[in-house]
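Student: Got a sequence here, can you build the structure:
(chains A and B)
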There are 2 protein chains.
Amino acid sequence: FETSPQSIRLYRLYNHQVMEAVTYFFILVDLALALFEDPAVYLLPVWATCAVELVCLLIFTIRLVHFAKVTPRNKFWKDMKNICVILTLLLTLFDIILYWTLIATGYYIIRWSRVMRPLFVVNFTESRQIRRAFRNIRNTLPEVANVFFLFMFSMVMFSLMGLKIFSKRHFETAEGTSYFNNYLDVFFDLYVLVTAANSPDVMMPAYNASGWYAIFFIVYIIINTYVFMSIFLAVVYNNYKKHLTNEVMKLVLLKRCKMIEAFKLLSVKKGTEFVVKEAQWTQLVKLVAPDISNSHRELLLKVSQEEQEKYIGKDSFIRLADLLNIKVITMKTRIHPIETWMPKLYNSYVSQAIQKMVKHRWFVYVFDIIIVINAIFIGLDDENSMISNAEWIFLSLYILEILLKLYVYEPKTFFARNQFWNWFDTWIIIAALLATTINAVLKSSGGYTSQQVLDFVLILRVLRLVRIVDSFQRFRVIMNTVINIGPTMLVFAGLIVVVYYVFAIIGMELFKGKIKFLGTNSTDPAADFCGNPKLINSAFAMSKYCKNNFNDIVSSFIILLELTVVNQWHACLLLANGFVAVTHPSARIFFCIFHIVVVILIINIFIAFILEAFLVEYSLHKTEVETAIEKNIQEL
Amino acid sequence: FETSPQSIRLYRLYNHQVMEAVTYFFILVDLALALFEDPAVYLLPVWATCAVELVCLLIFTIRLVHFAKVTPRNKFWKDMKNICVILTLLLTLFDIILYWTLIATGYYIIRWSRVMRPLFVVNFTESRQIRRAFRNIRNTLPEVANVFFLFMFSMVMFSLMGLKIFSKRHFETAEGTSYFNNYLDVFFDLYVLVTAANSPDVMMPAYNASGWYAIFFIVYIIINTYVFMSIFLAVVYNNYKKHLTNEVMKLVLLKRCKMIEAFKLLSVKKGTEFVVKEAQWTQLVKLVAPDISNSHRELLLKVSQEEQEKYIGKDSFIRLADLLNIKVITMKTRIHPIETWMPKLYNSYVSQAIQKMVKHRWFVYVFDIIIVINAIFIGLDDENSMISNAEWIFLSLYILEILLKLYVYEPKTFFARNQFWNWFDTWIIIAALLATTINAVLKSSGGYTSQQVLDFVLILRVLRLVRIVDSFQRFRVIMNTVINIGPTMLVFAGLIVVVYYVFAIIGMELFKGKIKFLGTNSTDPAADFCGNPKLINSAFAMSKYCKNNFNDIVSSFIILLELTVVNQWHACLLLANGFVAVTHPSARIFFCIFHIVVVILIINIFIAFILEAFLVEYSLHKTEVETAIEKNIQEL
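Tutor: So this is what the prediction gives:
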């Protein structure tokens, strides 16, 4: 890194929040283009989307050049992610030019570079977390592939046995078709049995003939459904844990190296040791963490100075980064603002009584009971005007509760960052108040009631009930864990979006317009077979699945989610068969690849991730640094 | 513990292998009685089964009295498992007497004590492992119950929202029935959606009306199917791990206490320390581990003596139990017996060449290729006589391989305990040789070929192919892990048997004879509706599920396994509905309880168990003791 004032200014500009927000915004715009390109939710002319895309590419290029300016040259070119971004930029540009050239000469070509858009999400410096998740998956792959081969081997063996044992016995299925007499069919039937979707149907013909044949299927289910699927999870979990540890170790090492470098720059020699002067240290802390309070900084200083005054040693200096990450909770009981303004009123007898009442545990119980009564009222028929009026009473009770609490507890403490439930409560109540008022105004003005507003009010009402969970200690632990791992779960959501996006774009190119949804009350006879004669009398059309199509990006995401929830293979096959019917049998490959990538890999990693996050949250080990601080604080 | 010679003799008798084997045998007999009691696989008269059961009870009583003799009185009565056994014994006796009294007076009563038989499996001292597994489940329950309550709460909330949002819109399902208009139906539909069995059918009517409704189902699936199910696993895994650690710690503590007691009895004072003399130590080791070799014992002695000769200190003495558990592998290359008998022949030029050839890695490759060719032959039509004759060639090739290996490697090393694959190979080949010969003899003698023998030969042939896995290093690691956790998995099998047995007995009493299977080719018209008019035209009978019944213990076990593989809820409901149709709607409770106990609890514990076992096997930490020994061995 260069330390000239200009490059520092450039670096600071690069890391400025506004710049990062702009990058995120344009990545989002780039991804959202799929909404407006054919097959589109709202079709825009091609020149418009291309223009927007070019703007995005320009922004990305500027961002990349900026990054190149603040990074040493050899480091920049060694980093795969930069090369990846450059390649994606060039290929996208090439694609756009090619597209317009061919259009000009009268040809049509698909915009193949759209598949590469998620690469921007993954490869920009900002999305470190998603990149880490992908790296984790890549590292897990070889081990999972080994288990997958073994699993396939076991499948092949069992299919062979099944074919040899059952084919010559000429059993018949319940539908009267022949049973287990073709190797590929046997293999496929047994693969579906792993997901347990065709149990016990696949076993019944043989079981009806003799009870001994059941042994074959029982052994198969134990080995392939239970043992192998658990081993998949175990391998994924084991690798996930291992690579997570490696990543963390690497990060810690990197941080330490950087801190040592910083120490070398700032330190002066004192006696035999190198130390950093207190003034410089204070200046540094003020620079890197401008929003911490003076008392907090002084505390950090006290903790960092070991025995010698006015100087900070190497070890303490290196620990600074960790120290800054620790949230210091100000335990000082703040004085309520009303008390400062009107001390007499606030400390009056009535006021004191109110404060005592609100702090009493019966206050919580009473509101729990009110919530339960509220739940019963919601469950009752809301056409009744008395019950819909009762809603106003509940709403005012909840508002009263929040106002009382705000009167008793200091507002800043009440709305502290870690007070999730207070925030939750307040937002829900404010939203409910607004929505109910809007609804009432609409109703009284024109007798018109929007069902959408009513639904929104209802969801808010039901969400309000969730608060009761917080009253039970035992549930609170679990809920807090879930809330704490929430942000990390968003990383996972990003990962899923990236994978879905790629499959959605490919799916749209393959299947767009093949299956049409003509509305529920359409009188068009084509509505009965999804607008494609090949689907006449098919199970797909009969189950009214027409809306499950790849005709725009939103529908594509929903159908991919349905394919992810794959346990019900019959439905899944039904979906796949619909698309195979309107295109070509090889379309099955698309669905198979999606199944293997998402169900075997991504979902297991998701489970591994929740498992690990939950275990870590549950056991909440104190870090070494934290204990060191505790010791120092006690010494003060 | 008493140390008189008589009580020691009693104690030794109690722990004698024969005594334990007898107890196991009679527990097995007691459980197997269900095969012969009404509803039976082979019906025996009631007096016969009762007589056998009385014999079993007598044996158990003797065993218990014997245990009481060798245990201090207050300890015996404090132990829950003894009281449990006594109660079970008394209740069973009472049940038998009651049964016969009532029979004598002309009444009929069910033998309700049969449900309690698995308690013997759990509560006898011998089945420590299964008891530990049960204790583990019991300890996990409270935490799981908390998550379960939260899960139910979330279900209730979503059902309420679903009902309120969708009921007034009057959508219709694909079958034309009304949709989401009854709270219990909504709740049930959404519960089934957790198992993903009715996705996307349950969502289609709303989704067809508007894409926005999909959000409700997507949020539901993410929260309940993915997050909650993962949390169930995380909580079970976390508790499993925690309690496992506790159990191990307790065991280690107990062992240590006992070793200290033993040391106090044997030690003599020498200087300031208490020590055990070498002679006494040797006598002790000879007594507790009579089958270890002299050289092994001397090695242990050398390891135990620290600096002082002829005496063993307290720490080393306590470590003895751990030392005895370590398997010492004799690395000494034994001389091949043929070499000792005929050294000239064995070391001749031809013999040397053979040895070199067998040890060459191409020897392995050649046999891998033979296995692959064999696999192709098995896949081909075996009616062809040339191909069935080829089987003899393969068989002789495999025999040749084993004989060659035995010629080159020392037999005792080749058949060492840890040489799983050699044992596997040899047994498969011997069995295949026998079966193929029997088959050939049968064929030539009367032209008669038993299809069962042929099937058996086929399975052996296919199993032989499994050996190829061992040739790949990457698969070997996984396979070895599976083989190593195999024995522990048997504990789990015991646990499953206990749970299934209880449900099977209850199921048999509830549903016996209600659904009959009359054979596949039965001309009886009743065969079409499983012999119960209530099932005419039911989906249960149409799917030919008649053999899925509770008419004997074997059928019960199979139907319970089908219910365990529960993903396909439709099939499961179909099964349950069949039984509900022939009895009473409340029969559903039986199936629901089974689902919660087995699928949510037992299966998750199974996954947790595999996860933990796999992780431990994978990381194979060396214990402290082992490293201490290594150090001592290096010093020698």
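Student: Close to chain B: what parts of the stretch 101-250 of chain A are there?
Tutor: Proximity of the stretch 101-250 of chain A to chain B (Cβ under 8 Å from any Cβ of the partner chain) is limited to residues A:146-147, A:149-150, A:153, A:157, A:160-161, A:164-165, A:174, A:183, A:195-201, A:204-205, A:207-209, A:211, A:214, A:218, A:221, A:225-227, A:230-231, A:233-235, A:237-238. Glycine gets a C-beta too; all of them are placed from N, C-alpha and C.
Student: at 7 Å what do you get?
Tutor: The stretch 101-250 of chain A comes close to chain B at residues A:146-147, A:150, A:153, A:157, A:160-161, A:164-165, A:174, A:195-197, A:199-201, A:204, A:207-209, A:211, A:214, A:218, A:221, A:225-226, A:230-231, A:233-234, A:237-238, as judged by Cβ under 7 Å from any Cβ of the partner chain.
Student: Kindly report the same for the stretch 351-500 of chain A.
Tutor: Taking Cβ under 7 Å from any Cβ, the part of the stretch 351-500 of chain A that reaches chain B is made up of A:I378, A:G379, A:D455, A:L458, A:I459, A:V462, A:L465, A:V466, A:V469, A:R474, A:F475, A:I478.
Student: Other residues contacting the strand or helix carrying A:V276?
Tutor: A:V276 is part of strand A:273-277, with elements assigned from DSSP states H and E. Under the contact criterion Cβ atoms under 7 Å, 6 or more residues apart in numbering or on different chains, strand A:273-277 has outside partners A:F263, A:L266, A:S267, A:V268, A:K310, A:Y311, A:I312, A:G313, A:K314, A:F317.
Student: What residues sit buried inside the helix or strand following that strand?
Tutor: As assigned by DSSP H and E, the chain's next helix or strand after strand A:273-277 is helix A:278-288. For helix A:278-288, the neighbour count (16 or more other Cβ atoms under 10 Å in any protein chain shown) marks A:W281, A:T282, A:L284, A:V285 as buried.
Student: Over to stretch A:38-54?
Tutor: Quick answer for stretch A:38-54 (16+ other Cβ under 10 Å): A:P39, A:A40, A:L44, A:T49, A:C50, A:V52, A:E53.
Student: Stretch A:295-302 now?
Tutor: Neighbour counts over stretch A:295-302 (16+ other Cβ under 10 Å) mark A:H296, A:R297, A:L299, A:L300, A:L301 as buried.
Student: partners of the strand holding A:V276 in the sheet?
Tutor: Paired neighbours of strand A:273-277 in the sheet (DSSP bridges): strand A:268-270 (antiparallel), strand A:311-312 (antiparallel).
Student: Most tightly packed of the ones you listed?
Tutor: strand A:311-312 (a mean of 24; mean count of other Cβ atoms under 10 Å in any protein chain shown).
Student: related to what we said a few turns ago, in JSON lines: the strands paired with strand A:273-277, plus distance to A:I607.
Tutor: As requested, these are exported to JSON lines (distance: least, Cβ to Cβ, whole Å):
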{"stretch": "strand A:268-270", "distance to A:I607": "53"}
{"stretch": "strand A:311-312", "distance to A:I607": "45"}
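Student: Can you add mean pLDDT and give those strands back as TSV?
Tutor: Putting those into TSV (pLDDT from 0 to 100) gives the following:
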stretch	mean pLDDT
strand A:268-270	77
strand A:311-312	75
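Student: residue contacts, A:Y107?
Tutor: Counting by Cβ under 7 Å, 6+ apart, there are no residues that A:Y107 touches.
Student: Okay, helices next: where are they in the stretch 501-636 of chain A?
Tutor: A:539-542, A:553-564, A:569-582, A:587-594, A:604-619, A:624-635 (DSSP state H, counting those that start in this stretch).
Student: average pLDDT across stretch A:187-194?
Tutor: Per-residue pLDDT values across stretch A:187-194 average out to 76.
Student: buried set for that stretch?
Tutor: Here stretch A:187-194 shows A:F187, A:D189, A:L190, A:Y191, A:V192, A:L193, A:V194 as buried, counting by 16+ other Cβ under 10 Å.
Student: Of all the strands paired with strand A:273-277, which one is nearest B:N347?
Tutor: Among the strands paired with strand A:273-277, the nearest to B:N347 by Cβ to Cβ is strand A:268-270 (75.6 Å).
Student: which outside residues touch the closest one?
Tutor: Residues from elsewhere that reach strand A:268-270 (Cβ under 7 Å, 6+ apart): A:V275, A:K277, A:Y311.
Student: With stretch A:365-380 instead?
Tutor: A:I387, A:A390, A:F394, A:L397, A:E401, A:R461, A:V462, A:L465, A:R467, A:I468, A:S471, B:L160.
Student: let's go with 10 Å and repeat that
Tutor: For stretch A:365-380, contacts defined as Cβ atoms under 10 Å, 6 or more residues apart in numbering or on different chains pick out A:357, A:360, A:384, A:386-388, A:390-391, A:393-395, A:397-398, A:400-401, A:458, A:461-462, A:464-468, A:470-472, B:156-157, B:159-161, B:163-164, B:183.
Student: May I have it exported as PDB, CA atoms only?
Tutor: Extracted C-alpha coordinates of stretch A:365-380, given in PDB (Å, rounded to 0.1, in the frame of the first residue of the first chain):
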ATOM      1  CA  TYR A 365     -49.000 -10.900  32.400                       C
ATOM      2  CA  VAL A 366     -52.000  -8.600  31.800                       C
ATOM      3  CA  PHE A 367     -50.800  -7.800  28.400                       C
ATOM      4  CA  ASP A 368     -50.100 -11.400  27.600                       C
ATOM      5  CA  ILE A 369     -53.700 -12.100  28.500                       C
ATOM      6  CA  ILE A 370     -54.800  -9.300  26.300                       C
ATOM      7  CA  ILE A 371     -52.800 -10.800  23.400                       C
ATOM      8  CA  VAL A 372     -54.500 -14.100  23.900                       C
ATOM      9  CA  ILE A 373     -58.000 -12.500  24.000                       C
ATOM     10  CA  ASN A 374     -56.900 -10.600  20.900                       C
ATOM     11  CA  ALA A 375     -56.000 -13.900  19.200                       C
ATOM     12  CA  ILE A 376     -59.500 -15.300  19.900                       C
ATOM     13  CA  PHE A 377     -61.100 -12.200  18.500                       C
ATOM     14  CA  ILE A 378     -59.000 -12.500  15.300                       C
ATOM     15  CA  GLY A 379     -60.100 -16.100  15.000                       C
ATOM     16  CA  LEU A 380     -63.800 -15.000  15.200                       C
END
